[in-house]
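S.K.: Quick one, what's the 3D model for this:
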Amino acid sequence: MSGFGRYVMFIGSLFVRRETFATYYKLVLEECIQIGVNSAFLFILVSSFIGAVTTVQTAFNMVSPLIPRFVISQVVREMTVLELAPTVMALIYAGKIGSSMAGGIGTMRITEQIDALEVMGINSSSYLVLPKIIASMMMYPMLVIISGVCSLIGGYLVGTLIHIVTPTEYVAGLRFAFNQQEIFVAIVKALVFAFIISSVSSFKGYYTKGGALEVGIATTEAVTTSVIAILIADYFIVDLIL
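M.R.: Just a heads-up that it's a prediction; the model follows:
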């Protein structure tokens, strides 16, 4: 509980003695490029293959001739929108972006760059962490949308190329009994997961002590804690909204 309390106090420190809007604007744009643009290719690649594999495995398990073929794409849609795009990709996001945040801030801590900011009268936690959180909450929902689209396209390409379903059946399955609330749930998950990953990773890096070995330990703890928090948050979001 002491660690959680320290985390809450850390989040509160982000909103005191803030810098000017122009300063944060520039920092947020830089973080958006680092977080979003540089991660887009990985998200496109992984989500496309996930959609393709999900389509093949769903078709393999549908052995009854009484089940219409369009159900395959319906299952792919449900899995993609509710879990694969927001949650599974969040685990990859934690490994790539979360570890980078923890390692970068941790390195600044052990090289006394954070202490130098404090000496100059700058709120180091707000200056370093708040732009990362804002940029993460802006870019990760976009990455989730891209992942969802690529996953469905990947399923469409594989399903039609190896004749699992026809293009008409696949599109019909995507449209069948579609609930728009699922999109809302996916976006809420994306926002919550983005905040968790960026804040927890920054917290672990900010309070790093020691040398290079401790930076590696903090990075590992950041990813592990973020993954556990994501899975817990995922359950509560689904339980509260759906």
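
S.K.: So residue 213 versus residue 179, what's the distance?
M.R.: Residue 213 sits at a distance of 49 Å from residue 179 (criterion: C-beta to C-beta, to the nearest Å). For glycine as for every other residue, the C-beta is placed from the backbone atoms N, C-alpha and C.

S.K.: Now do the spatially most central residue of the chain, the pLDDT please.
M.R.: By C-alpha atoms, centre = their mean, the chain has its centre lying nearest to residue 90, at 3.3 Å. You'll see residue 90 listed with a pLDDT of 94.

S.K.: Just give the closest residue to it, not the sequence neighbours.
M.R.: Once flanking residues are discounted, residue 90 sits nearest to residue 193: 4.2 Å by C-beta to C-beta, 6 or more residues apart in numbering.

S.K.: Which helix or strand contains that neighbour?
M.R.: When elements are assigned from DSSP states H and E, residue 193 belongs to helix 181-206.

S.K.: So what's the gap between that helix and the chain middle?
M.R.: Put simply, helix 181-206 sits 6 Å off its chain's centre (C-alpha atoms, centre = their mean, to the nearest Å).

S.K.: try stretch 35-55
M.R.: Remark: stretch 35-55 is offset 12 Å from the chain centroid, using C-alpha atoms, centre = their mean.

S.K.: May I see the buried residues of it?
M.R.: By neighbour count, with 16 or more other C-beta atoms under 10 Å as the criterion, the buried positions of stretch 35-55 are 35-36, 39-40, 43-44, 46-48, 50-52, 54-55.

S.K.: Which of those fall within helices?
M.R.: Among the buried residues of stretch 35-55, the members found in helices (DSSP state H) are 35, 40, 43, 44, 46, 47, 48, 50, 51, 52, 54, 55.

S.K.: Setting aside sequence neighbours, what's the nearest residue to the fourth one?
M.R.: To tie it back to what came earlier, the one meant is residue 44. That would be residue 150: by C-beta to C-beta, 6+ apart, it lies 5.0 Å from residue 44.

S.K.: so who does that neighbour touch?
M.R.: Listed by C-beta atoms under 8 Å, 6 or more residues apart in numbering, the contact partners of residue 150 are 43, 44, 47, 48, 51.

S.K.: Alpha carbons of stretch 211-231, in PDB - could you do that?
M.R.: This file holds the C-alpha atoms of stretch 211-231, laid out as PDB (Å, rounded to 0.1, in the frame of the first residue of the first chain):
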ATOM      1  CA  GLY A 211      23.300   2.600 -11.400                       C
ATOM      2  CA  ALA A 212      22.700   0.900 -14.700                       C
ATOM      3  CA  LEU A 213      21.700  -2.400 -13.100                       C
ATOM      4  CA  GLU A 214      18.900  -0.700 -11.200                       C
ATOM      5  CA  VAL A 215      17.600   1.000 -14.400                       C
ATOM      6  CA  GLY A 216      17.200  -2.400 -15.900                       C
ATOM      7  CA  ILE A 217      15.400  -3.700 -12.800                       C
ATOM      8  CA  ALA A 218      13.100  -0.600 -12.900                       C
ATOM      9  CA  THR A 219      12.300  -1.200 -16.500                       C
ATOM     10  CA  THR A 220      11.400  -4.800 -15.900                       C
ATOM     11  CA  GLU A 221       9.200  -3.800 -12.900                       C
ATOM     12  CA  ALA A 222       7.500  -1.100 -15.000                       C
ATOM     13  CA  VAL A 223       6.500  -3.600 -17.700                       C
ATOM     14  CA  THR A 224       5.400  -6.300 -15.200                       C
ATOM     15  CA  THR A 225       3.400  -3.900 -13.000                       C
ATOM     16  CA  SER A 226       1.800  -2.300 -16.100                       C
ATOM     17  CA  VAL A 227       0.700  -5.700 -17.500                       C
ATOM     18  CA  ILE A 228      -0.900  -6.700 -14.200                       C
ATOM     19  CA  ALA A 229      -2.700  -3.400 -13.900                       C
ATOM     20  CA  ILE A 230      -3.900  -3.700 -17.500                       C
ATOM     21  CA  LEU A 231      -5.400  -7.100 -16.800                       C
END
